[in-house]
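Asks: Here is a sequence together with a model predicted from it:
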Amino acid sequence: MRATPRRAFFVAALVSLAAPLIAQSPNLPKATEIVEARAVVSPAPVLRGRAFEIAVVVKIRPGFHINAHEVNLDYLIPTEVEVQPPQGLRSRGFSYPPGVLRKFRFSPNQLSEYEGAVTFRGKFEAAANA
């Protein structure tokens, strides 16, 4: 597998994490200034026809939060990692850690959220002819 398609795949996955932040007020920092994400892949080669995992490590700027994957109010947008794997790789989905319930001044309810650093784990499979 060449590094270029793999890098493009991970960049697309990371950018999708920040999408819910884009619609914020113009007085707030850009989403890319709030959420920093990077993919971590084992240096071991991925074998054809085999499964492997990646980790997406997200650092959220202090003073900010993002919604957890499992939201506790219907109108909240859950955090999801969306990927478009290159040819020869198939996504088997991501697992998400539980959110932390926090009370914010702007909501009468506690919200399930992520802050600080959070890791999402993705399972993938390489095609037999990859």
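Replies: Now that the structure is in, tell me what you want to look at. Everything numeric here is computed off the predicted structure, so don't read it as measured data. Numbers count the residues shown, from 1 in each chain.
Asks: Can you give me the pLDDT of the spatially most central residue of the chain?
Replies: For the chain, the residue nearest the mean C-alpha position is Val81 (4.0 Å; Cα atoms, centre = their mean). For Val81, the model assigns a pLDDT of 92.
Asks: For it, give its distance to Leu28.
Replies: As judged by Cβ to Cβ, to the nearest Å, Val81 and Leu28 stand 23 Å apart. For every residue, glycine as well, the C-beta is placed using N, CA and C.
Asks: swap in Thr119?
Replies: For Thr119, the distance to Leu28 (Cβ to Cβ) stands at 25 Å.
Asks: try Phe52
Replies: 37 Å.
Asks: So for those two, which sits in the more crowded spot?
Replies: Each of Phe52 and Leu28 has its neighbours counted (other Cβ atoms under 10 Å); Phe52 has more, 17 against 11.
Asks: For that one, which non-adjacent residue is closest in space?
Replies: Val46 (5.0 Å; Cβ to Cβ, 6 or more residues apart in numbering).
Asks: pLDDT below threshold where in the chain?
Replies: 1-26 (pLDDT under 70).
Asks: For it, just list every one of the strands.
Replies: 35-41, 51-60, 66-67, 89-95, 100-103, 110-114, 117-126 (DSSP state E).
Asks: Pick the most buried one from those strands.
Replies: Greatest average neighbour count among these goes to strand 66-67 (a mean of 20), per mean count of other Cβ atoms under 10 Å.
Asks: Paired strands for it, with orientation please.
Replies: strand 110-114 (antiparallel) (DSSP bridges).
Asks: What residues sit buried inside stretch 29-36?
Replies: Within stretch 29-36, the residues that qualify as buried are Ala31, Ile34, Val35, counting by 16 or more other Cβ atoms under 10 Å.
Asks: ok, now how distant is the first one from Ala37?
Replies: Put plainly, it is Ala31. Taking Cβ to Cβ, one finds Ala31 at 11 Å from Ala37.
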